[in-house]
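> got a predicted model here, sequence first, then my questions.
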Amino acid sequence: DGGITQSPKYLFRKEGQNVTLSCEQNLNHDAMYWYRQDPGQGLRLIYYSQIVNDFQKGDIAEGYSVSREKKESFPLTVTSAQKNPTAFYLCASSIDRQGSGGYTFGSGTRLTVV
Amino acid sequence: SQQGEEDPQALSIQEGENATMNCSYKTSINNLQWYRQNSGRGLVHLILIRSNEREKHSGRLRVTLDTSKKSSSLLITASRAADTASYFCATAPLETSGSRLTFGEGTQLTVNP
């Protein structure tokens, strides 16, 4: 079955630690996206990539980094510079740069600072 | 800043009733999309309506778009308990260089059996 796989489902981070969230898709989609969702709120765009080896900052990129070395993979690193990282992180993909067919989402990673 | 704003923030209805959710946005769009999110899960794409369309149907879903008022509505007919979820509208900008969907804060729908 085609889809997006996010791992892990739950992640705990200590103060000052970097953590990496995995996002893999086997849909052959060109574009991939990372969103952050806080309780009771909508989604805010962190980073997006429309093609391999290229990515752009979204609205809340500070404290985060990404890479897009393969079409299938778009990992997100939450660095120690992100002061309030506790949130639900969602990865998505779209078949083309225009997102004309809508986005396909993964099931999310819940990150908690301990 | 959020492009779309849903109204109401929360809606509670009985099974069998219709549910209507509204979305307003600020800038010109290429298309508007509706998504559903069950608690603690990812979003699921429901329906997309383009800026040159006024109404679209998919099963029990009916979406309208009024670009002059910059607003859209999602109607779920004959609701079921399984429709309980958060519903988000998302707008795609007019620019053709790439899509960056901007999401609203969602409407929490509760359908009571």
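Structure's in. What do you need?
> residues contacting B:Met21?
Listed by C-beta atoms under 8 Å, 6 or more residues apart in numbering or on different chains, the contact partners of B:Met21 are B:Glu6, B:Asp7, B:Pro8, B:Leu11, B:Ser73, B:Leu74, B:Tyr87, B:Cys89, B:Thr107, B:Leu109. Heads up, the C-betas are built off the backbone N, CA and C, glycines and all.
> can you tell me the SS state at it?
strand (DSSP: H, G, I helix; E, B strand; the rest coil).
> that one and chain A, how far apart?
Distance from B:Met21 to chain A, counting by C-beta to the nearest C-beta, to the nearest Å: 13 Å.
> does that residue have beta-bridge partners, and which?
Using DSSP bridges, the beta-bridge partners of B:Met21 come out as B:Leu74.
> where does chain B dip in pLDDT?
Segments of chain B classed as low confidence (criterion: pLDDT under 70) are B:1-3, B:96-99.
> hmm, who's touching stretch B:55-63?
Stretch B:55-63 is touched from outside by B:32, B:34, B:46-49, B:64-65, B:72-78, with contacts defined as C-beta under 8 Å, 6+ apart.
> ok, now with 10 Å
B:18-20, B:23, B:32-34, B:36, B:46-50, B:53-54, B:64-65, B:72-80, B:83, B:89 (C-beta atoms under 10 Å, 6 or more residues apart in numbering or on different chains).
> then that stretch to CSV, C-alphas only?
Extracted as CSV, the C-alpha positions of stretch B:55-63 are listed here (Å, rounded to 0.1, in the frame of the first residue of the first chain):
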residue,chain,number,x,y,z
GLU,B,55,-20.2,23.9,-5.8
LYS,B,56,-18.9,20.4,-5.5
HIS,B,57,-20.3,17.1,-4.2
SER,B,58,-18.7,14.0,-2.9
GLY,B,59,-20.9,11.4,-1.3
ARG,B,60,-22.5,13.1,1.8
LEU,B,61,-20.3,16.1,1.4
ARG,B,62,-21.2,19.3,-0.3
VAL,B,63,-18.8,22.2,-0.6
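> so what's the gap between it and the chain middle?
11 Å (C-alpha atoms, centre = their mean, to the nearest Å).
> got the buried residues for the helix or strand hosting A:Leu21?
Here A:Leu21 sits within strand A:19-25, counting by DSSP states H and E. The neighbour-count check on strand A:19-25 (16 or more other C-beta atoms under 10 Å in any protein chain shown) flags A:Val19, A:Leu21, A:Cys23, A:Glu24, A:Gln25 as buried.
> on that earlier part again, can you say which of the contacts of B:Met21 are buried?
Buried members of these, counted by 16+ other C-beta under 10 Å: B:Glu6, B:Leu11, B:Ser73, B:Leu74, B:Tyr87, B:Cys89, B:Thr107, B:Leu109.
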